[in-house]
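Novice: Predicted model and sequence below, questions to follow.
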Amino acid sequence: MQKFKNICQKLKNIWLRFVGFCRGNGVSLSAKVYFVDALGAMAQGLFCSLLIGTILDTLGSQLGIGALTATVFTLNDVGYTVGKCCSLLAGPAMAVAIGNSLKAPPLVLFSLIPVGFATNQIGGAGGPLAVFVTACIACEIGKLVSKKTKIDILVTPLVTVLCGVGLAALVAAPIGTAASAIGNLIMWATEQQPFVMGIVVSVVVGICLTLPISSAAICAALSLTGLAGGAAVAGCCANMVGFAVLSFKENRWGGLVSQGLGTSMLQMGNIIRNPRIWIPPIVASAITGPIATCIFGLTMNGAPVNSGMGTCGLCGLIGVWTGWVSPSDAAIANGASAITPTAFDWVGLILVCIVLPAVICAVLGLLLRKIGWIKEGDLKLD
């Protein structure tokens, strides 16, 4: 028994020395840093590349803007517009965003560009999740060797790129396949049971949007489109519009805009103090989710990242529109095709994403205030 205790103590000491070494080199080994900060940054990288590219291509084709439909360059006999250029570089954008959130030194940060590109290409539809894994690991390894030698300008990029691309070659395809399989399972289940899964997807993704994690990154990693994507949009909108309306008494127009077009995450501190304030948005998402899937057949076939954006910059609604007129590659792979939206489609989009969340949360808010579950100042933003 004593020998076993001695072994455990030695292992503990080794681990503590390793943790100390990592922290001394800027590697935190913190779940918050990776699954909150880095994941959120990855969504921003996707927004600035794939999402912006999709919007530019859609605007160019729908409004006939020549500058947006013109070919900027040709690569392997494929012509690239401004929007397609943005989409092509989604991998590097995600990797650099992740590296920046991890406070990577310049040489490490720049070396993540080829790592992100290679990983995203190998990972396929599940590329975003693969980029998240490889960029985090490559970045942290690069930080461990950064500025440790007199030839740092050679050593740091070599180590970061070789570790990142080498890891991508080993794990990107399996990670991408696994992420796609999970996403396909969710989408298949939503097609089979639109009512139940409409509730589940809407509530879960809506909760993720308000929590300090990135619902957009999760939807992108799972390549969530179709009916499941529509339910996800409904849940996100229910939280953003819901909290904006619910807290209007305390926060007025500034709060309406910052939460309705920004993020409901601003209410996280208030939720911790009084979790009951979350009841109206969650109930709203449980109602609008199945309405989206069962009544309006609302599909989100734009870039999958849009599924987790809600009304943030109106990206969720824009994603639905772009998916109607010009489905993303991920949506096409799942059987989507372009449609001409009808008045019924537009009414469904506005009702599910804006009107119903606002009405439901306003009514429930009044009820909860009356019974004392929500008190004056509970929703006040600092």
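Specialist: Perfect, thanks for sending it.
Novice: only C-alpha atoms for contact and neighbour calcs from this point on.
Specialist: Will do.
Novice: so where do the strands sit in this structure?
Specialist: For the chain, applying DSSP state E gives strands covering 73-75, 78-80.
Novice: So which of those strands is the most surrounded?
Specialist: Mean neighbour count (mean count of other C-alpha atoms under 10 Å) peaks for strand 78-80 among the strands of the chain, with a mean of 13.
Novice: want to throw the strands of the chain into JSON lines with distance to residue 244 and mean pLDDT?
Specialist: Shown next, in JSON lines, are the strands of the chain (distance: least, C-alpha to C-alpha, whole Å; pLDDT from 0 to 100):
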{"stretch": "strand 73-75", "distance to residue 244": "44", "mean pLDDT": "91"}
{"stretch": "strand 78-80", "distance to residue 244": "39", "mean pLDDT": "91"}
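Novice: Let's have the ones you listed in TSV, adding distance to residue 292.
Specialist: Compiled in TSV, these are given as follows (distance: least, C-alpha to C-alpha, whole Å):
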stretch	distance to residue 292
strand 73-75	40
strand 78-80	35
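Novice: so which of those comes closest to residue 122?
Specialist: strand 73-75 (18.0 Å; C-alpha to C-alpha).
Novice: Residues in contact with that closest one: which ones?
Specialist: 79, 80, 81 (C-alpha atoms under 8 Å, 6 or more residues apart in numbering).
Novice: Residue 53 reaches residue 84, doesn't it?
Specialist: Yes: if you go by C-alpha atoms under 8 Å, residue 53 and residue 84 touch, sitting 5.8 Å apart.
Novice: These two - which one has more neighbours?
Specialist: Applying other C-alpha atoms under 10 Å to residue 53 and residue 84 shows that residue 53 carries more neighbours, namely 25 against 22.
Novice: got a list of what that one touches?
Specialist: By C-alpha under 8 Å, 6+ apart, the neighbours of residue 53 are 82, 83, 84, 85, 86, 87.
Novice: Against residue 294, how distant is the third one?
Specialist: Distance, residue 84 to residue 294, using C-alpha to C-alpha, to the nearest Å: 34 Å.
Novice: just how off-centre is stretch 333-350 within its chain?
Specialist: Stretch 333-350 sits 22 Å away from the centroid of its parent chain (C-alpha atoms, centre = their mean, to the nearest Å).
Novice: In the protein, where's the longest helix?
Specialist: The residue-count maximum for a helix in the chain (DSSP state H) belongs to helix 152-192.
Novice: Which strands or helices does it pack on?
Specialist: Judged by 3 or more C-alpha pairs under 8 Å, 6 or more residues apart in numbering; DSSP states H and E, the packing partners of helix 152-192 are helix 106-123, helix 127-145, helix 194-210, helix 215-222, helix 226-246.
Novice: Just name the most buried of these.
Specialist: By mean count of other C-alpha under 10 Å, those have helix 226-246 as the most buried, with a mean of 35.
Novice: Now do the buried residues in the helix or strand of the chain with the lowest mean pLDDT.
Specialist: Of all helical and strand segments in the chain, the minimum by mean pLDDT, DSSP states H and E falls on helix 2-24, at a mean of 75. Buried residues in helix 2-24, counted by 16 or more other C-alpha atoms under 10 Å: residue 22.
Novice: which residues sit against it?
Specialist: 28, 29, 144.
Novice: For residue 258, state which of those is nearest.
Specialist: residue 28 (31.2 Å).
Novice: so what's the closest one up against?
Specialist: By C-alpha under 8 Å, 6+ apart, residue 28 lies in contact with residue 22.
Novice: Now the phi/psi pair for it, please.
Specialist: Dihedral angles of residue 28 (phi, psi; degrees, to the nearest 10) stand at phi -90, psi -30.
Novice: mind starting the numbering at 635 from now?
Specialist: I'll keep to 635 as the first residue from here, and by that count the last item is residue 662.
Novice: What distance do you get for it to residue 668?
Specialist: Residue 662 is 9 Å from residue 668, by C-alpha to C-alpha.
Novice: got it, and residue 910?
Specialist: Following C-alpha to C-alpha, the distance that separates residue 910 from residue 668 is 29 Å.
Novice: Looking at the two, which one has more neighbours?
Specialist: More neighbours surround residue 668 than the other of residue 910 and residue 668, with 20 against 14 (other C-alpha under 10 Å).
Novice: Setting aside sequence neighbours, what's the nearest residue to that one?
Specialist: Spatial nearest neighbour of residue 668, chain neighbours left out: residue 770 (7.6 Å); criterion: C-alpha to C-alpha, 6 or more residues apart in numbering.
Novice: is it true that the one you found touches residue 734?
Specialist: No: if you go by C-alpha under 8 Å, residue 770 and residue 734 don't touch, sitting 10.5 Å apart.
Novice: hang on, the earlier thing: got a list of what the residue nearest to residue 668 touches?
Specialist: Here residue 770 is in contact with 668, 672, 732, 733, 736 (C-alpha under 8 Å, 6+ apart).
Novice: thinking again about what came up before, flag the least confident of the contacts of helix 636-658.
Specialist: Lowest-confidence member of the contacts of helix 636-658: residue 663, scoring 76 (pLDDT).
Novice: okay, now residue 731: neighbour count?
Specialist: 25.
Novice: ok, now how distant is it from residue 678?
Specialist: Here residue 731 is placed at a distance of 7 Å from residue 678 (C-alpha to C-alpha).
Novice: Okay, now the unreliable bits of the protein?
Specialist: For the chain, applying pLDDT under 70 flags the ranges 635, 655.
Novice: Counting only helices, which of the contacts of residue 687 make the cut?
Specialist: Per DSSP H, those map to helices at 716, 717, 718, 719, 720, 721.
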